[in-house]
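Trainee: predicted model and sequence below, questions to follow.
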Amino acid sequence: MQYNKWPKRTKQFIICLIRIQAFDWNLIAFRCAISAVTIVTWVTLAAAAELEIRIDNPPMNGTVIALLFNSASTFVDLRDPVNVVTLPSGGTIPGRIPDLPSGEYALVVYQDENSNGLLDKNFIGIPREPLGFSNSYWPQGPPAFTRAAFRLEEGETKTIDIKLQSVFGKLGLLGVGVGVILQTSPYRDSKHLIVQPIPAISYIGDWVQILGPTAQCGIMNWNDVRLAATASYRFGAYRESDSHYLQGMGDRDDTLMGGLALQVQLPAGFELSAGYEHDLLDRIGGGNGRIGLEKAFQQGLLTVSPQLALNWLTAELADYEYGVPADRVREGRPAYHPSDSVNLEIGVSLFRELYDDWRIILTGSVIFLPSELTSSPIVDQAHMFNGFIAVTRLF
């Protein structure tokens, strides 16, 4: 029978059945979707881990902030944490970081004494505010993720106890040890490699840092930009006894350099530095400037920091170290007066914590001399190597 010939009541009954059936299917689909969302949410919550943070010595003032890291590359300079939590004041109630996926983490907690929401650092990047690390770890240099790391499993609630303390204490950090300077000479027929044992003495304070022959004192700190006054002892470039080509040139004088330096923390952990120092004793005249870029990487307990820099020597300094005055001319050594010059330096520094308060530091760089300097009649090398190795203990 054709549909058009069906009785009116039969048509209405069939349409009603179709509508009811469609409604039932929509209702079933809606209920399934709600159930799926509920199951996914329940599974997620069941799998999420939680971290409970207790402070052993809660401060009387300031805000306490917890920084959670899951990467050695960001932990090494304490930047870009995966979670930041302000802990309850007073320290009587533990802080909590909920809904964490399983994985390996390291925790840093600090007292924000000036309530600026930042972990304040000195000129060389060491935290100035009291802080503490998970696993009761206390770094002897760039913090090692491996030493502070702990594992969170699915659904686990882990309690971490933190003790806050100042990096510098009351008097600052004194480092004592032994070191060796390794250096090659660019001067003609001079000894190729110079090895010089030295005492490795350092002092690191809130504002003042003394690292061997260099020193700096912080002046201003604008979050990621830091300014400091600097000083360094510049050793004489050569002794005339180093080579027969230098005979009669006279020994180059040591001097004290002084100036200003700027440190800028860039995204992704890069650090830009720039500075200029001038001869304060006017023994050699002129000065030198430097602009450099550095980034720290970490593999286990080893911190590796590649560096790239441009060094500028004023005409006075370049002439003093690489020039030949008219009154020192002899056969095979004509007069030569270089102008100011810029050289490229590529280097790397290595740092590793040993045990207790001991650490080892290795630095090395290659300086590529420009033609302005290699054209000097007393120079026969196009590059120089500078290295330093030290084992020190912090007190």
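Mentor: Looks like it came in fine.

Trainee: my guess is residue 202 contacts residue 175. True?
Mentor: Yes: counting by Cβ atoms under 8 Å, residue 175 is a contact partner of residue 202 at 3.8 Å. In short, each C-beta sits where N, CA and C put it, glycine included.

Trainee: show me what counts as buried in stretch 204-211.
Mentor: Buried residues in stretch 204-211, counted by 16 or more other Cβ atoms under 10 Å: 204-205, 208-211.

Trainee: quick one on the thing from earlier: quick one: common contacting residues for residue 202 and residue 175?
Mentor: Each of residue 392 lies in contact with both residue 202 and residue 175 under the rule Cβ atoms under 8 Å, 6 or more residues apart in numbering.

Trainee: more crowded one of those two?
Mentor: Taking neighbours as other Cβ atoms under 10 Å, residue 202 and residue 175 compare with residue 175 leading, 22 against 18.

Trainee: pLDDT value on the more buried one, please?
Mentor: Note on residue 175: pLDDT of 94.

Trainee: again with residue 60
Mentor: pLDDT, residue 60: 84.

Trainee: part of a helix, is it?
Mentor: No: counting by DSSP: H, G, I helix; E, B strand; the rest coil, residue 60 falls outside a helix, being coil.

Trainee: what distance do you get for it to residue 130?
Mentor: Residue 60 sits 12 Å away from residue 130, going by Cβ to Cβ, to the nearest Å.

Trainee: looking at these two, which is more packed in?
Mentor: Legend: neighbour count by other Cβ under 10 Å for residue 60 and residue 130, higher for residue 130 (19 against 7).

Trainee: residue contacts, that one?
Mentor: Residue 130 makes contacts with 59, 110-111, 113, 164-166, as judged by Cβ under 8 Å, 6+ apart.

Trainee: please apply the same query to residue 220.
Mentor: Contact analysis of residue 220 by Cβ under 8 Å, 6+ apart lists 226-227.

Trainee: wait, a strand at it?
Mentor: Yes: checked against three-state DSSP, residue 220 lies within a strand.

Trainee: ok, it to residue 214 distance?
Mentor: 19 Å.

Trainee: the helices in this protein, which residues?
Mentor: 8-47, 72-75, 145-148, 315-322, 371-374 (DSSP state H).

Trainee: and those helices, which one's lowest on average pLDDT?
Mentor: helix 8-47 (a mean of 46).

Trainee: and the residue nearest the centre of this protein?
Mentor: Centroid-nearest residue in the chain, with Cα atoms, centre = their mean: residue 77, separated by 4.4 Å.

Trainee: that residue contacts residue 270, correct?
Mentor: No: counting by Cβ under 8 Å, residue 77 does not reach residue 270; the two are 10.0 Å apart.

Trainee: between the contacts of residue 130, which is nearest residue 299?
Mentor: residue 110 (25.5 Å; Cβ to Cβ).

Trainee: what's across from the spatially closest residue to that closest one that is not a sequence neighbour in the sheet?
Mentor: Excluding its sequence neighbours, the residue lying closest to residue 110 (Cβ to Cβ, 6 or more residues apart in numbering) is residue 131, at 3.8 Å. Per DSSP bridges, the residues bridged to residue 131 are residue 110, residue 165.
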